[in-house]
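A.B. asks: Sharing a model that was predicted from the sequence below.
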Amino acid sequence: MNGNGLIDELIGGNGAVFALAVFILLCVWLGVRIVPQSEKHVVERFGRLRAVLGPGINFIVPFLDRVAHKISVLERQLPNALQDAITADNVLVKVETSVFYRITEPEKTVYRIRDVDAAIATTVAGIVRSEIGKMELDQVQSNRAELIAKVREQVAAMVDDWGIEVTRAEILDVNLDEATRAAMLQQLNAERARRAQVTEAEGKKRAVELNADAELYAAEQQAKARRITAEAEAYATAAIAEAIQKNGLEAAQYQVALKQVEALTAVGQGAGKQTVIVPANALEAFGDAFRMLKGRG
């Protein structure tokens with residue numbers, strides 16, 4: 001064997017080793033798969049599902065297996081959707097919805113549904129229309145939390161076959177069309193006017209009741225005053241009668257004389273009276289009063 005043949009043999013042997021090394025590296029490159037934490041990889045073998053690779057280092061059979069789909073498992077949000085719905089009392093409303101979901105079983109999502117976002121949006125729209133159709137407008141506005149819970153529950157049940165978990169399903173707003181809004185505003189203004197009239201009428205009624213109570217109280221007080229005056233007069237009369245009974249006619253004459261003296265005194269104290277004309281019998285009254293006072297003393 002000459003030198004050239006030895007060199008060719010060495011080169012051929014090294015080439016085979018090099019080719020083997022390249023093949024091994026290629027197998028390692030194709031057989032080892034590192035999956036990020038936020039993803040799952042769907043592996044196929046000859047077009048059929050072989051495995052689902054989770055986060056970390058995974059091994060597959062080179063040249064036989066291939067990663068056909070890389071699916072993110074992060075939570076996703078569908079674009080806010082606006083759809084029409086008719087309530088049980090035939091009011092047209094526009095409902096704005098928002099849905100959050102994440103893929104939990106990529107093999108179902110890949111092989112059972114083509115456009116998962118569109119499918120979820122259509123499902124949510126149908127459920128929202130169905131649930132709002134069972135409720136009146138006032139119930140839709142006041143029972144928003146109950147409506148959201150029903151929509152979320154039904155959406156979660158329907159998308160379970162797609163390997164999807166609905167984490168949130170929200171009804172952001174319920175809007176009315178312009179005609180319905182104007183009619184409701186008119187109704188609201190009428191209700192406010194009615195309440196104002198009722199309040200005013202109740203105020204007038206209360207004022208009349210208070211006025212009647214005040215008049216009744218005044219009448220009761222006047223009656224009490226008359227009764228007290230009558231009782232005082234009766235007491236005075238009884239006292240005079242008792243005095244007459246004990247002292248006879250002389251006590252009565254004494255009382256009359258005192259009254260005459262008091263009347264003349266009041267006339268003399270009147271404004272603008274400088275001269276007082278006293279009848280003759282008045283002087284006799286003074287005299288009688290003085291004699292009686294002297295006698296009592």
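C.D. replies: Cool, got the structure. Numbers count the residues shown, from 1 in each chain.
A.B. asks: going forward, measure contacts between C-alpha atoms and count neighbours the same way
C.D. replies: OK.
A.B. asks: Now do the domain split for the chain, please.
C.D. replies: Each structural domain of the chain that the record assigns through automatic domain parsing is listed here as a residue range: 3-70, 76-176, 248-297.
A.B. asks: Figure out which of those is closest to residue 213.
C.D. replies: Of all the domains of the chain, domain 248-297 sits nearest to residue 213, with 41.2 Å by CA to CA.
A.B. asks: show me where the chain has helices.
C.D. replies: Counting by DSSP state H, the chain forms helices over residues 3-31, 106-112, 116-132, 137-142, 144-158, 178-247, 249-268, 280-296, given from the N-terminal end onward.
A.B. asks: Show me the shaky parts of the stretch 51-200 of the chain.
C.D. replies: Residues of the stretch 51-200 of the chain meeting the criterion pLDDT under 70: 181, 184.
A.B. asks: one step back: single out the most deeply packed of the domains of the chain.
C.D. replies: Among these, judged by mean count of other CA atoms under 10 Å, the one packed with the most neighbours on average is domain 76-176 (a mean of 17).
A.B. asks: what sits against the residue nearest to residue 99 when sequence neighbours are not counted?
C.D. replies: In space, residue 99 comes closest to residue 169 once its chain neighbours are excluded; the distance is 4.5 Å by CA to CA, 6 or more residues apart in numbering. By CA atoms under 8 Å, 6 or more residues apart in numbering, the contact set of residue 169 is 97-100, 148, 151-152.
A.B. asks: For residue 174, see how far away residue 153 is.
C.D. replies: Look at residue 153 and residue 174: by CA to CA, to the nearest Å, they are 20 Å apart.
A.B. asks: So residue 19 versus residue 63, what's the distance?
C.D. replies: Distance of residue 19 to residue 63, given as CA to CA: 17 Å.
A.B. asks: Residue 103 now?
C.D. replies: From residue 103 over to residue 63 the distance is 28 Å, taken as CA to CA.
A.B. asks: Residue 76 contacts residue 116, correct?
C.D. replies: No: contact between residue 76 and residue 116 fails when scored by CA atoms under 8 Å: they sit 11.2 Å apart.
A.B. asks: and residue 74, what does it touch?
C.D. replies: Applying CA under 8 Å, 6+ apart, the residues near residue 74 are 38-39, 102-103.
A.B. asks: Ramachandran coordinates for it?
C.D. replies: Backbone torsions for residue 74, taken as degrees, to the nearest 10, come to phi -70, psi 150.
A.B. asks: The one 4 residues further on too?
C.D. replies: In this entry, residue 78 is assigned phi and psi values of phi -80, psi 150 (degrees, to the nearest 10).
A.B. asks: How about the contacts made by it?
C.D. replies: Residues 98-100, 117, 121 are the ones in contact with residue 78 under the rule CA under 8 Å, 6+ apart.
A.B. asks: Mind picking the two most distant members of those?
C.D. replies: With distance counted by CA to CA, no two of these lie farther apart than 98 and 117, which are 11.9 Å apart.
A.B. asks: of all the contacts of residue 78, which comes closest to residue 109?
C.D. replies: For residue 109, the closest of those turns out to be residue 117, at 10.9 Å, with distances computed as CA to CA.
A.B. asks: how much space between that closest one and residue 35?
C.D. replies: On the measure of CA to CA, residue 117 and residue 35 end up 24 Å apart.
A.B. asks: ditto for residue 150
C.D. replies: For residue 150, the distance to residue 35 under the criterion CA to CA works out to 37 Å.
A.B. asks: Same question for residue 186.
C.D. replies: Applying CA to CA, one obtains 62 Å for the distance of residue 186 from residue 35.
A.B. asks: and if you look at residue 227?
C.D. replies: 107 Å.
A.B. asks: again, but for residue 199
C.D. replies: For residue 199, the distance to residue 35 - CA to CA - is 72 Å.
A.B. asks: How about residue 146?
C.D. replies: Counting by CA to CA, the separation of residue 146 from residue 35 is 40 Å.
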